[in-house]
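>>> Take a look and give me a structure for this.
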Amino acid sequence: MLHYQVQCLGENRGTPRLWLQGRVLEVAGFAPGMTYSVEIGERRLHLRVAAEGNRVVSGKRRADRTLAVIDVNSRRLLAALSVFRTLRIVVLRLGELLVTPTASEERRLERIAGALSRLLAGDTLAAGSVCHGGGILSHAAHQGLAEAGVDCSLAWANEIRPELIDHVSGVNECWEPDTIGLAAPLQELAFDRQALARLPCVDVLEAGLACSGASASGRAKRHLVAPEAHREVGHLVAGFLALVAWVNPLIIPVENVPLYQDTASAWILRNQLRDWGYVVHEIVLDGAEFNALEHRKRLCLVAVTEGVPFSFDAFERPHAQPQRLGDILEPIPLDDPCWSAMEGLKTKEVRDLAAGKGFRMQVFDEDSPKLGTLTKGYAKRRSTDPRLRHPSNPELLRQFTPTEHARAKHIPALLVAGASTTLAHEILGQSIVHSAFVAVWRLIGRSLLQWSIAEQSHPSRARAA
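Model (predicted):
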């Protein structure tokens, strides 16, 4: 290759037009007055200098020199390329030019054609998961798609912690015997060419990119000037985009804290996905709107390939139903040792308030209509974590159990079955309100089916989008 150039296809009086001039023609050896031939292939034009060619290289005067110009203004010659937004012009060798769609345009058509053929045949779609954690988002995805009538299989899942892969592969029903576990840092996997060469492409790629740098508490605790300054997770958007480019998914749902919307990472993600032919849709999901006792809010970003219709305008929320904390509590005896006066934490609260720190205990009872946020470090018994008050002795408190934690987020308790208390709270605390994301995936599934049905009647629309 002697030269590489990307440009848009032009138009003249309603007819597509390819205009080339400058260095690309100089390097290729196309000079004014030379003749050349044009060979039409599938999604390509091959231009060759040829004595018997039926087209002539034009000339254009600029200052004291004449520039070579190639002007192809033909619907017949450019019909196969006119549906693409950008073209790639490559000088293969002296006297030869190859014009094809850019790589991003080719990938866009590949993912549309592949997913559409599977949907129309009733075949299973393939999914990948990044920052998999305990697989809560993957479980919501498979449930939501199944409720919409779309079958999807988890092809592989990436998670930095091997112990989480060990746990989730044994309890999460979206894992299958042939699901590939990728227990490695995302930033390592995304640039490992040997591993990627063995990784199947997917139709859906979901991610719960680590939010430690974007959350208010994470930034304050580490005194970060920006979320991207977080040493461990601030740069993960780079690895994620590299992985997206490799596995070429049709749809990319990403969840994070709402503050992620205004980060540099989010803007890099939006803009790069746009340039690759995706339309990005966003919504903030509130657990309260899904009748969850924990009113956790999460940003949901869904990138959908251009040509596949999708909108959150059709998003459905359930009818409001009054909730009380007592509805999710396990039947723990009133004299169980887990009840405690927690004098040390009460004393710390008094000390913190006197020092002007404002840290307070969060105490709830059975009639409470909501529950404070239970985070991944809940098992550490920190002073500001939510606790339950004893129904007959208000001086006694206890921690919420992993099962109660799961119920507060509408997460099936089986997803933390067999995990230690610490690991269970870590899995649940860094997760989502399950029912909210089931609703998102149900909408994605319905959109895919409606698209496939429409394409059955009008097979050219998505390919020309």
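>>> got any ranges where the chain has weak pLDDT?
Counting by pLDDT under 70, the chain has low-confidence residues at 212-214, 217-220, 459-465.
>>> Repeat the analysis, applying 80 as the threshold.
63, 211-225, 227, 356-359, 457-465 (pLDDT under 80).
>>> longest helix anywhere in it?
In the chain, ranked by residue count with DSSP state H as the criterion, the top helix is helix 434-457.
>>> Show me what it packs onto, helices and strands only.
helix 103-121, helix 136-148, strand 251-256, strand 278-286, strand 297-305, helix 461-464 (3 or more CB pairs under 8 Å, 6 or more residues apart in numbering; DSSP states H and E). Placement of C-beta: from N, CA and C, glycine included.
>>> Please convert those to TSV, extending it with mean neighbour count.
Below are the helices and strands packed on helix 434-457 laid out as TSV (neighbours: other CB atoms under 10 Å):
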stretch	mean neighbour count
helix 103-121	18
helix 136-148	23
strand 251-256	24
strand 278-286	17
strand 297-305	22
helix 461-464	15
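>>> With respect to T403, which of the ones you listed lies nearest?
helix 136-148 (14.7 Å; CB to CB).
>>> what's whichever helix or strand comes after the closest one in contact with?
Going down the chain from helix 136-148, the next helix or strand is strand 152-158, by DSSP states H and E. Contacts of strand 152-158 from elsewhere in the structure, counted by CB atoms under 8 Å, 6 or more residues apart in numbering, are 124-132, 135, 138, 141-142, 145-146, 165, 168, 174-176, 179-182, 184, 186, 189, 199-200, 202-204, 243.
>>> let's see 6 Å
124-130, 132, 138, 142, 145, 174, 179-180, 182, 189, 200, 202 (CB atoms under 6 Å, 6 or more residues apart in numbering).
>>> Quick check: nearest residue in space to P32, chain neighbours excluded?
Distance criterion CB to CB, 6 or more residues apart in numbering; nearest residue to P32, sequence neighbours excluded, is G59 at 3.3 Å.
>>> brain fart, I252
Here the residue nearest I252, using CB to CB, 6+ apart, is A303, at 4.1 Å.
>>> And the one you found, how far from V280?
5 Å (CB to CB, to the nearest Å).
>>> joint contacts of these two?
Common neighbours of A303 and V280 (CB under 6 Å, 6+ apart) are L273.
>>> sorry, back to before: tell me the contacts of the residue nearest to I252?
By CB under 6 Å, 6+ apart, the contact set of A303 is I252, L273, Y278, V280.
>>> can you check L415 too?
N172.
>>> In three-state terms, label it for me.
Put simply, L415 is helix when judged by DSSP: H, G, I helix; E, B strand; the rest coil.
>>> returning to what we had before: any chance of the contacts of A303 in JSON lines, plus distance to T347?
Formatted as JSON lines, those follow (distance: CB to CB, whole Å):
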{"residue": "I252", "distance to T347": "49"}
{"residue": "L273", "distance to T347": "51"}
{"residue": "Y278", "distance to T347": "54"}
{"residue": "V280", "distance to T347": "49"}
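>>> From those residues, pick the one nearest R55.
Y278 (37.3 Å).
>>> Against V24, how distant is H3?
Taking CB to CB as the measure, H3 and V24 are separated by 5 Å.
>>> related to what we said a few turns ago, could I get the buried residue list for the longest helix of the chain?
Residues of helix 434-457 classed as buried: 434-448, 451-452, 455 (neighbour count, 16 or more other CB atoms under 10 Å).
>>> How is this protein partitioned into domains?
Here the domain assignment for the chain is 3-101, 106-320+430-464, 325-423, based on automatic domain parsing.
>>> Go through those domains and pick out the most buried.
Highest mean neighbour count of those: domain 106-320+430-464, a mean of 19 (counted as mean count of other CB atoms under 10 Å).
>>> now that one, how far from the chain's geometric center?
Offset of domain 106-320+430-464 from its chain centre (CA atoms, centre = their mean, to the nearest Å): 3 Å.
>>> Go ahead and confirm P249 touches C201.
No - applying CB atoms under 6 Å, one finds P249 not in contact with C201, separated by 7.6 Å.
>>> Can you classify the closest residue to E11 other than its chain neighbours as helix, strand or coil?
Nearest non-adjacent residue to E11, counting by CB to CB, 6+ apart: R17, 5.7 Å away. Recorded secondary structure, R17: strand (three-state DSSP).
>>> Identify the residues contacting R17.
Counting by CB under 6 Å, 6+ apart, R17 has contacts G10, E11, N73.
>>> can you rerun that using 10 Å?
Applying CB atoms under 10 Å, 6 or more residues apart in numbering to R17 gives the contacts L9, G10, E11, D71, V72, N73, S74, R75, L78, S82.
>>> Check D71 too.
G10, N12, R17, L18, W19, L20, Q21, R55, V57, S58, K60.
>>> hang on, the earlier thing: list residues touching both of H3 and V24?
Residues touching both H3 and V24 (CB under 10 Å, 6+ apart): I89, V90, V91, L97.
>>> Closest to D336 out of the residues you listed?
So of these, ranked by how close each gets to D336 (CB to CB), first place is V90, at 72.7 Å.
>>> Quick check: beta-bridge partners of the closest one?
When assigned by DSSP bridges, V90 has beta-bridge partners Y4, L98.
>>> Wait, it touches V99, no?
Yes - applying CB atoms under 10 Å as the test, V90 and V99 come out as touching, 8.1 Å apart.
>>> between these two, what contacts are shared?
Residues touching both V90 and V99 (CB under 10 Å, 6+ apart) are Q5.
>>> in a strand, that's where E176 is, yeah?
No - counting by three-state DSSP, E176 is not part of a strand but coil.
>>> Can you verify my assumption that it contacts S138?
No - using CB under 10 Å as the test, E176 is too far from S138 to be in contact (11.5 Å).
>>> picking that back up, just curious, which of the contacts of D71 is nearest to R407?
G10 (59.9 Å).
>>> Now that closest one. Its backbone dihedrals?
phi -90, psi -170 (degrees, to the nearest 10).
>>> gap between it and A314?
From G10 over to A314 the distance is 37 Å, taken as CB to CB.
>>> follow-up on the earlier one: could you measure the residue nearest to I252 against Q321, distance?
For A303, the distance to Q321 - CB to CB - is 32 Å.
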